[in-house]
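**Student:** quick one, what's the 3D model for this:
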Amino acid sequence: MILGRREFLQSGVAACRPGAPRPVPAKLVVLTFDDAVKSHLTVVAPLLQRYGFHATFFVTHAWMKDRENFLTWEEIAELHRMGFEIGNHSWNHPNFAVPKTVARMEAELYLVEHMLERTSAKIPRPVSFAYTGNGFGPEAFARLAALGYRFARRGMQPEVPYGQLRVGAAFHPRKHHPLLIPTTGDAYPNWTEEHFQSVVAQAQPGQIAVLQFHGVPDVAHPWVHTPPERFGRYLAYLHDHGFRAIALKDVEPYCDLANPPQDPLRNVRHPQPQDGRLVLPVEVEASRREPRFWLTNMLVDHRYAPAEAARVMSWTEAEVQRRAKELGVRNTRPGKGKLRILPYPGGREPRLGFFANKDPHRGVKASIFPPWDPASYLLADLPEAIFTGAELLYLAHTHLPTLWDEQGVVLDNVDWARGPAGELTSERVLPNGVAFGAGLRVEDDEVRMELWLRNGTGAPLTGLRTQVCVMLKGARDFRAQTRDHKVFRCPGAAALDARRQRWVVTAWERCGRAWGQPLVPCLHADPVLPDCAPGQTVRVRGALWFHAGGDVEPALRRAAERFGQGGGATAWPSPPPR
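**Tutor:** Numbers count the residues shown, from 1 in each chain. Sure, this is the predicted structure:
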């Protein structure tokens, strides 16, 4: 029979057109393995290779301290060399059904990406993710999409309650969104071969059976343990009955990624909070406690669009506009003639380039508004980083793993305290007892700054280096991404504006290195703190001001007279970590 055009378009033959998803064949299964368990390399991978099966290994740093039972990054590199997909399972394995956790999702995924790229195999950035603890929600779904992940596997929930020996949903590419791929079978110790067979029997034409395993064996987490001998029989069954086993990323030919299905679970949260209250990011909670201040700060002072303010408040744009009206926040612009400092509200990328830094803490960032242009601001990151020796003690964003990242400790944002005269002060106590803080105030037409550290440990702290970054993106006359018309000479750093009428100058005591990153763009005059005995507090002072005219030398001489030449302090290594 010859088909007419309408019949052809309605037939399955149309699915074979270039670019269209392929029909899903029978007996197609996806094999996934979570948590970077040591047995993935010693037991699972050799068995998969024996049968020519593909699979995805979802890796996390969460348990890597236990080197007896979990993989190292180089052992993960060996799995990659064997031809298996390496997927992202986050750094700390938190619950991404919680909005507070999702606020750190980019950082959680980036740290894994960073360590994979640093392996000898230079493992490429993953395209697949597995929801940790099988928890998901609308915020996590949206964040994964924004970060460019293509596939994400959830658990059997909510269709099948956790722990029940039942068959979950098979993956229907025309029904399920590729960032919400269901698990058909989550292997528990009480699985039988008959149950395994009923799970893979779901691999019918049009649908894919997705299997989730953990360790084979899993000594550290026995509740998700699979006995090796039983696992071997599972794979033999797949092989002997003609199944094809693929990695999660290999479902791509069967998916329409450009026009994914409108999966109703996009708006579902699992699990629901036990007390019915969602835990929001600390910045959101703090902003909602003082809505008038923060809405004025954003909409009036920083000239945020409602959409930007909505990100900070975790409200809709309409709610931002309604609340601003109710609170009397009027779009009255500040006048010229006054140097001002304000807490930076977050929610807006502070850099023009060099976007490797994730999850920035707003509580160490202060906006400095020049007196001649109240629509512009510079951003002081005070401090951006603190090192003791080779150890990264604090980082105001996520880029390199810190001491606390290695220990699985998350440092939440701590906002500035605002004083009656507009001064800003901060204090943070780290888990090891080390405390540090900063202060900014406007005095004599300049911003005076201080950075201090108190040693609450029982051992001396030596090699105390810091980074204090002044980001220029928000100041329209200083935002050129170039090293031209910039001067870096301890104790200061300076940049000339586009009109060549004035300089911005920053300088610090004990300057270890003056430098700048043109892509950001930014200025640094990074101070080195004195060695600090137990119980002692050490301090350094700095300043930022504007110098009129094309010749910056008088300003640099002023800086040297006030703060010294630097050089007496231990110099930074070159280049400093970023």
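
**Student:** switch to C-alpha atoms for all contacts and neighbour counts from now on
**Tutor:** OK.

**Student:** residues in contact with H302?
**Tutor:** 375-377 (CA atoms under 8 Å, 6 or more residues apart in numbering).

**Student:** out of these, who's nearest L211?
**Tutor:** Y377 (52.2 Å; CA to CA).

**Student:** can you report how many residues neighbour the closest residue to the closest one other than its chain neighbours?
**Tutor:** When the adjacent residues along the chain are set aside, Y377 lies closest to F369, with 4.4 Å between them (CA to CA, 6 or more residues apart in numbering). The number of residues packed around F369, counting by other CA atoms under 10 Å, is 23.

**Student:** in contact with F369, which residues?
**Tutor:** 339-341, 375-378.

**Student:** how about a markdown table for the residues you listed, with neighbour count added?
**Tutor:** Formatted as a markdown table, those follow (neighbours: other CA atoms under 10 Å):
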| residue | neighbour count |
| --- | --- |
| L339 | 20 |
| R340 | 19 |
| I341 | 22 |
| A375 | 19 |
| S376 | 21 |
| Y377 | 26 |
| L378 | 24 |
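
**Student:** farthest pair in the residues you listed?
**Tutor:** I341 and A375 (12.8 Å).

**Student:** ends of stretch 118-132, what's the gap?
**Tutor:** 23 Å (CA to CA, to the nearest Å).

**Student:** what about the strands in the stretch 451-578 of the chain?
**Tutor:** 464-471, 486-489, 492-496, 502-508, 511-515, 522-527, 537-548 (DSSP state E, counting those that start in this stretch).

**Student:** can you tell me the strand partners of the second one and which way each runs?
**Tutor:** Right, the one you point to is strand 486-489. Strand 486-489 sits in its sheet next to strand 492-496 (antiparallel), going by DSSP bridges.

**Student:** and the partner strand, what's its mean pLDDT?
**Tutor:** Averaging pLDDT along strand 492-496 gives 97.

**Student:** CA atoms only: put it into PDB for me.
**Tutor:** Presented in PDB, the C-alpha positions along strand 492-496 are these (Å, rounded to 0.1, in the frame of the first residue of the first chain):
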ATOM      1  CA  GLY A 492      48.300  50.000  45.900                       C
ATOM      2  CA  ALA A 493      46.500  49.300  42.600                       C
ATOM      3  CA  ALA A 494      44.800  51.900  40.500                       C
ATOM      4  CA  ALA A 495      42.600  52.100  37.300                       C
ATOM      5  CA  LEU A 496      41.900  55.100  35.100                       C
END
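
**Student:** quick one: the strands in the stretch 101-250 of the chain?
**Tutor:** Under DSSP E, counting those that start in this stretch, the stretch 101-250 of the chain gives strands at 128-130, 151-153, 185-186, 209-213, 244-246.

**Student:** quick revisit: ok, which of the strands of the stretch 451-578 of the chain comes nearest T132?
**Tutor:** strand 464-471 (33.9 Å).

**Student:** got the contact list for that closest one?
**Tutor:** 350-351, 378-389, 512, 520-531, 572.

**Student:** go with 7 Å
**Tutor:** Residues outside strand 464-471 that contact it (CA atoms under 7 Å, 6 or more residues apart in numbering): 378-389, 520-531.

**Student:** which of those residues count as buried?
**Tutor:** 378-388, 520-531 (16 or more other CA atoms under 10 Å).

**Student:** for the stretch 1-150 of the chain, which spans come out with low pLDDT?
**Tutor:** For the stretch 1-150 of the chain, applying pLDDT under 70 flags the ranges 1-18.

**Student:** can you give me the helices in it?
**Tutor:** Listed in chain order, the helices of the stretch 1-150 of the chain (DSSP state H, counting those that start in this stretch) span 5-10, 39, 45-51, 73-81, 99-102, 105-117, 138-146.

**Student:** and what of the stretch 151-300 of the chain?
**Tutor:** 193-200, 228-240, 282-289, 291-295.

**Student:** tell me which of those is the most buried.
**Tutor:** Burial of these is given as mean neighbour count (mean count of other CA atoms under 10 Å); helix 291-295 ranks first at a mean of 20.

**Student:** output that helix as CSV - backbone C-alpha positions only.
**Tutor:** Extracted as CSV, the C-alpha positions of helix 291-295 are listed here (Å, rounded to 0.1, in the frame of the first residue of the first chain):
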residue,chain,number,x,y,z
PRO,A,291,12.0,43.7,52.9
ARG,A,292,11.9,47.5,52.9
PHE,A,293,15.7,47.8,53.3
TRP,A,294,16.6,45.2,50.7
LEU,A,295,14.0,46.3,48.1
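
**Student:** now do that helix: everything it contacts.
**Tutor:** 287, 324, 327, 329.

**Student:** is it true that the first one touches M313?
**Tutor:** Yes - checked against CA atoms under 7 Å, the pair S287 and M313 is within contact range at 6.3 Å.

**Student:** deepest of the strands of the stretch 451-578 of the chain, which one?
**Tutor:** strand 522-527 (a mean of 30).

**Student:** which residue is nearest the centroid of the chain?
**Tutor:** A107 (1.7 Å; CA atoms, centre = their mean).

**Student:** that one and P21: what is the separation?
**Tutor:** In terms of CA to CA, A107 sits 33 Å off from P21.

**Student:** T72 too?
**Tutor:** With CA to CA as the criterion, T72 and P21 are 37 Å apart.

**Student:** next: P182.
**Tutor:** The value you get for P182 to P21, if CA to CA is used, is 19 Å.

**Student:** could I get the contacting residues of H270?
**Tutor:** 97, 135-137, 158.

**Student:** mind checking pLDDT for the residue lying closest to A130 once chain neighbours are set aside?
**Tutor:** The shortest distance from A130 to any non-neighbouring residue, by CA to CA, 6+ apart, is to R153 (4.8 Å). Predicted confidence (pLDDT) for R153: 98.

**Student:** contacting residues around stretch 444-458?
**Tutor:** So stretch 444-458 is contacted by 339, 432-442, 532-545 (CA under 7 Å, 6+ apart).
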